[in-house]
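> Here is a sequence with its predicted model. Questions after.
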Amino acid sequence: MRNARSWRGDQVENGRPRPPQKQNKTPLSLSRSKSSLLVHLSFSLSPISRMAEASTEYLKLFVAETTWYNEIVLGSIVPGDAWRRLPHFFQSWLRNFLGGTLVYFLSGFLWCLVIYYWKRNVYVPKDAIPTNHAMYLQIIVAMKAMPWYSALPSISEYMIQSGWTRSFATIGEVGWPMYFVYLAVYLVIVEFGIYWMHREFHDIKPLYKWVWMSGNRE
């Protein structure tokens, strides 16, 4: 009788019958399938994480290479270590700017020395040799454009180091034949772009007036 009364007391709350409690009717097989699914997802995502880590390590090769270039150029030209506190992108831009300026003046000096003075009237007629003032204007135009020219390879390096391109860190990954194929394709694209840029300078009037004519007055 006690057991019956206690059972009835459990079923009554405040004089009213207590509603039956809902039992977890989830099958055991379903819970096991959920746990196995989570385990499967964890194992399937682990190769993706490993690929991401491998990709990050691979991109560090490009950063290390450009850091080495910065050490060679900036460490030899820029006095002190102030440039080391710059972000990596601006270090690369400064290296491209100083390197491009050095190559421009060195190649321009050798061209003028050989073509305009040493081999005078051999490759270029005397009347076609530009005056010193005309060469000075060309230098001014080149120096105005050099920061923008230096930004192009700097942005390209940033895109490569960020994994936005399909670049290879070593020639051994593609082989020498494909390396020369890619090099030829690259040079064709560059020359094609330079040609059409030259055409646009003539077709777009503001560029022709303020950029092209400023370097071709004489």
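Received, thanks.

> Any chance you could list what contacts stretch 162-179?
55, 58-59, 61-62, 65, 159-160, 182 (CB atoms under 8 Å, 6 or more residues apart in numbering). The C-beta positions use only the backbone N, C-alpha and C, and glycine is treated the same way.

> can you tell me the helix or strand for the residue most central in space within the chain?
For the chain, the residue nearest the mean C-alpha position is Met159 (1.2 Å; CA atoms, centre = their mean). Using DSSP states H and E, Met159 falls within helix 132-161.

> how far out from the middle of the chain is that helix?
19 Å (CA atoms, centre = their mean, to the nearest Å).

> could you pull out the strands for the protein?
Under the criterion DSSP state E, the chain contains strands at 12-13, 16-17.

> Between these, which has the poorest mean confidence score?
Note on the strands of the chain: lowest mean pLDDT is at strand 12-13, with a mean of 48.

> Could you list the low-pLDDT ranges of the protein?
Across the chain, the ranges flagged by pLDDT under 70 are 1-54, 211-218.

> And the helix holding Met159, what's buried?
For helix 132-161, a neighbour-count test (16 or more other CB atoms under 10 Å) marks 137-138, 142, 146, 150, 153-154, 157-158, 160-161 as buried.

> again with stretch 97-104
97-101.

> From the buried residues of helix 132-161, pick the one nearest Met197.
The nearest member of the buried residues of helix 132-161 to Met197, counting by CB to CB, is Ala142 at 14.9 Å.

> which one is that closest one nearest to, not counting chain neighbours?
Tyr104 (6.0 Å; CB to CB, 6 or more residues apart in numbering).

> Distance check, Phe105 against Met135.
12 Å (CB to CB, to the nearest Å).

> In helices, which of the buried residues of stretch 97-104 fall?
Judged by DSSP state H, helices contain the following of the buried residues of stretch 97-104: 97-101.

> Distance to Ile171 for the residues you listed - can I get that in TSV?
Below are these laid out as TSV (distance: CB to CB, whole Å):
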residue	distance to Ile171
Phe97	28
Leu98	27
Gly99	22
Gly100	25
Thr101	29
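
> Near Phe62, how many other residues are there?
For Phe62, the neighbour count with other CB atoms under 10 Å is 19.

> does it really touch Met159, like I thought?
No. Contact status for Phe62 versus Met159: not in contact, 10.2 Å apart, counting by CB atoms under 8 Å.

> residues in contact with Met146?
By CB under 8 Å, 6+ apart, the neighbours of Met146 are 97, 100-101, 104.
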